[in-house]
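Participant: output the structure for:
(2 chains)
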Amino acid sequence: MSVADDFPLEHEWAVAQLPWYVNGRLQPADQLRLSAHLKRCEACRLDLEVERRLAQGLSARPVVDYSPQASLSRMMQAIDRSERRRTWLPWRSRARRAGDRGASARPSLIGVVIAQAAGLAVLATALAWLAIRPSPEAAYRTLSRPAAAVDAQLQVVFVDHATVSQMRSALAGVSGAVIAGPSRAGAFQISLRGAQQGDAVSAAAVAAAVTRLRGDPAVLYVAPLNAAAAP
Amino acid sequence: MHLATERVLRDRGAEERALLRRVALRERSAFEQLYLDYHRRLSRFLMRFSESYEAAEEIINDTMMIVWDKAADFRGDSQVSTWIIGIAYRRMLKSFKHRDVRRRAETDALEMEAFEAAGEGEGAADADGARADWLARGMRMLPLEQRLTLELAYFLGHSCEEIAQITACPVNTVKTRMFHARQRLRQLLPRLAEPTADTDKPVTR
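Facilitator: Residues are numbered from 1 along each chain as shown, chains lettered A, B, ... in the order given. Here you go, the predicted model:
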């Protein structure tokens, strides 16, 4: 076997490629190149056999297949809970309801406000008599989701042209999270969280959040639904 | 690469991209199909590292929740499979590194010494089942990233470039990890390099 000047480099390259020669995932050009080297290099041929034995041994480990149905069921339940918490922007339906065809819909905005106020009056009455459902404790805990806290709830309606960014900013300013909505009238149910997990939110904190949201240009209407007094 | 393998992978990739587009549109049936496809693949892979199916399921469901949330963000820079397995990989690292891996590696090293000293390694390389068990013990003694690289290549059949995408590392890092993993296994399991009766048996997948 003649040793070319570039053989050491070629050999070093070949050694690194062997695993993917074994699993069949080398690019065709590299496969041809390695095949040519193997004809010249006994060390690599021996190495190749070791890699084949290794691959075979790893493939020979018994596998146990678990039925996915129960896991899928839990997955879909977790998605259901997640979707109930998402900020949902049915722009198309909101645009149709408002008759808004674009950014120049200002003349119709007063009509929108009046229509929404009427709807809100009905909604507020209905909600006041409903048992407010607390944030469901997630049976499935994702990496970033904190445990549910004792919290106060607000009803918030955003202006029709509010962007996602503006809505997020408004909610972030009061440590609020959407737990339901939007309703047909465009109302969201917002949960305010205490400073620490498990903290109740004081009446003063709720009032401060309401004041702050009313001053936010993205917010059309806000009202407390319930408030837990601090101990 | 075998042409038939390349064609199968390309077709599967196209199907998965179409499925993910439907997931991005919040189509639940598409997500369920994707979930069932990947549950089998991921559970088999994860159970090679964990004795707890509950732990594996948590990783799978965390992974697929991210897929549900981020399907619309998938830009097609990689295959859907490398994207999803990459998410699972990062979740795995977080989960498994929280365990007392060092204590388990020391325990396994003591077991391996006793294993070899008792001559139980004799012939272990000859029988498939015994070899698999013997190899599994050696694999547990590798650093997690090296072991994952080996398993991604030999169990899941990924190319070097795909492993680089999955692990978010340069290709050379993947090659280095693979090189060190192979070297370490040969030190731990010297019989791996001994000729056996089935030396020429082809690798079956």
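
Participant: number of residues surrounding the residue lying closest to residue B:151 once chain neighbours are set aside?
Facilitator: Spatially, and ignoring its direct neighbours in sequence, residue B:151 is nearest to residue B:48 (6.2 Å; C-beta to C-beta, 6 or more residues apart in numbering or on different chains). All C-beta spots, glycine's among them, are computed from the backbone N, C-alpha and C. Number of residues near residue B:48 (other C-beta atoms under 10 Å in any protein chain shown) recorded here: 17.

Participant: tell me the SS of residue B:48?
Facilitator: Classification of residue B:48 using DSSP: H, G, I helix; E, B strand; the rest coil returns coil.

Participant: who's in contact with it?
Facilitator: A:61, B:136, B:151, B:155 (C-beta atoms under 8 Å, 6 or more residues apart in numbering or on different chains).

Participant: where exactly do the helices run in chain A?
Facilitator: With helices called from DSSP state H, chain A shows them at A:7-22, A:28-40, A:42-60, A:69-85, A:91-98, A:109-129, A:164-173, A:203-214.

Participant: what's the pLDDT at the residue nearest to residue B:151?
Facilitator: Residue B:48 is assigned 90 on the pLDDT scale.

Participant: same thing with residue B:41?
Facilitator: pLDDT at residue B:41 comes out at 93.

Participant: what's around the residue nearest to residue A:47 when sequence neighbours are not counted, how many residues?
Facilitator: Closest residue in space to residue A:47, ignoring its immediate chain neighbours: residue A:18 at 5.9 Å, by C-beta to C-beta, 6+ apart. For residue A:18, the count of nearby residues is 21 (other C-beta under 10 Å).

Participant: go ahead and confirm residue A:18 touches residue A:51.
Facilitator: Yes - applying C-beta atoms under 8 Å as the test, residue A:18 and residue A:51 come out as touching, 5.0 Å apart.

Participant: and residue B:83, how close does it get to residue B:45?
Facilitator: Separation of residue B:83 from residue B:45 (C-beta to C-beta, to the nearest Å): 15 Å.

Participant: hang on, the earlier thing: confidence-wise, which of the helices of chain A is weakest overall?
Facilitator: Among the helices of chain A, helix A:91-98 carries the lowest mean pLDDT, a mean of 52.

Participant: low-scoring stretches of chain B, by residue?
Facilitator: For chain B, the stretches flagged by pLDDT under 70 are B:1-4, B:98-131, B:195-205.

Participant: try 90
Facilitator: Applying pLDDT under 90 to chain B picks out residues B:1-14, B:26, B:49-52, B:75-77, B:93-138, B:140-141, B:186-205.

Participant: now the helices for it?
Facilitator: Under DSSP H, chain B gives helices at B:3-24, B:28-46, B:53-70, B:80-97, B:101-117, B:128-140, B:144-154, B:160-167, B:171-188.

Participant: okay, those helices in a markdown table with mean neighbour count next?
Facilitator: Below are the helices of chain B laid out as a markdown table (neighbours: other C-beta atoms under 10 Å in any protein chain shown):
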| stretch | mean neighbour count |
| --- | --- |
| helix B:3-24 | 14 |
| helix B:28-46 | 19 |
| helix B:53-70 | 20 |
| helix B:80-97 | 19 |
| helix B:101-117 | 13 |
| helix B:128-140 | 19 |
| helix B:144-154 | 22 |
| helix B:160-167 | 22 |
| helix B:171-188 | 18 |
